[in-house]
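Asks: Here is a sequence with its predicted model. Questions after.
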Amino acid sequence: MIVLDGLTKRYGEKAAVADLTLEIEPGRVTGFLGPNGAGKSTTMRLITGLDAPTSGSALIGGRPYAALRHPLREVGALLEARSAHPGRTARSHLLGIARSDGIPARRVDAVLELVGLTSVARKRVGSFSLGMRQRLGIAAALLGDPGVLLLDEPVNGLDPDGVRWIRELIRSLAAEGRTVLLSSHLMSEMQDTADHLVVIGRGRLIADAPIGEVLGGSSRNAVLVRSPKASELRERLTHAGMTVESPGEGEILVTGGSLDDIGELAFRHGVPLYELSARRATLEQAYMELTAASVEYGEREAK
Ligand SMILES: Nc1ncnc2c1ncn2[C@@H]1O[C@H](COP(=O)(O)OP(=O)(O)OP(=O)(O)O)[C@@H](O)[C@H]1O
């Protein structure tokens, strides 16, 4: 369990993280989302003691990172900035980290196997592809078999097989009862991996809710109806207070009413239906609505 209480980090006038209070619970994957510059990496750095908060606290199992006796056995982190020396082999890189926390060498071989790098364990990291380096970073995070994992953009550079592999790994780590905090800009990947979402913008909390709740709260949830009497149905649904659009000939898209409401209304008025189906909002759509007001480095600035 990770507990943030009034966590704040200022760089001069600017608050990178502002008064963040939340609990990241074990046994589920918590997705950590926010526009560029929202403060995700800073939050992860504060949790892992790489930066000190200006005020507030970040506790892991009730203690700050600096007070953990065997930090690698309690927290594993894959953070963007951490990289291996290109002249070292994968195995010697991991052995160095393992030694720093009294982790036995056999664990190094076990994590190399787990991330699929056994065959290149004695190759220099400098010759690794981005995806292989990412796997090595994940191996380092898992070295101490920690109960808490912080993964900042772990799918970066991975091919589709690698992406699927990491999704399954992350889900199994959470299923074993670990606390997993995962940041990613890939919304479809997040939708498939996370159970719970924490969304921040300009350092502040925007949402802390189960993914189903975030998706259900989107205005983009709608019902698609196809009918040979679409225009009559449109009038009746509008009269009943629903909002109706016509995306195509004989089709209407309804918000403000459930499948059951629409089906019953059509039945009452003798309107035949050829299709009645839920169009669920994607995480990308729900996320865009949530963060619209807090995009810091948007298109306008970038151009
Ligand atoms: N060392 C630093 N000195 C000054 N400002 C910083 C420093 N580190 C981060 N910031 C600022 O704090 C804000 C939050 O940055 P952070 O990297 O945590 O965002 P992020 O959500 O991880 O963004 P991204 O999605 O782009 O990785 C940004 O405005 C950034 O410029």
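Replies: Sure, I can see it. Residues are numbered from 1 along each chain as shown.

Asks: tell me the phi and psi of Ile47?
Replies: When read as degrees, to the nearest 10, the backbone of Ile47 gives phi -60, psi -40.

Asks: need the contact list for it.
Replies: Ile2, Leu4, Ala58, Ile60, Tyr65, Val75, Leu150, Leu181 (CB atoms under 8 Å, 6 or more residues apart in numbering). The C-beta positions use only the backbone N, C-alpha and C, and glycine is treated the same way.

Asks: pLDDT wise, what is the first one at?
Replies: The reference is to Ile2. If you check Ile2, the pLDDT there is 97.

Asks: now do the fourth one
Replies: Per-residue confidence for Ile60 comes out at a pLDDT of 96.

Asks: Going along the chain, name the helices of this structure.
Replies: Remark: helices assigned in the chain by DSSP state H are 40-47, 71-74, 90-100, 105-114, 130-142, 160-175, 187-193, 211-216, 230-239, 259-268, 283-291, 299-302.

Asks: near the ligand, which residues of this structure?
Replies: By the rule CB under 6 Å from any ligand atom, the part of the chain lying against the ligand is Tyr11, Ala16, Gly34, Asn36, Gly37, Ala38, Gly39, Lys40, Ser41, Thr42.

Asks: For Gly241, see how far away the third one is.
Replies: Counting by CB to CB, to the nearest Å, the separation of Gly34 from Gly241 is 35 Å.

Asks: These two: who's more crowded?
Replies: Gly34 (28 against 9; other CB atoms under 10 Å).

Asks: How confident is the prediction for the closest residue to that one other than its chain neighbours, by pLDDT?
Replies: Taking CB to CB, 6 or more residues apart in numbering, and ignoring the residues beside it in sequence, Gly34 has Ile200 as its nearest neighbour in space, at 4.2 Å. Ile200 carries a pLDDT value of 96.

Asks: any weak-confidence spans in the stretch 1-150 of the chain?
Replies: Along the stretch 1-150 of the chain, segments meeting pLDDT under 70 span 81-83.
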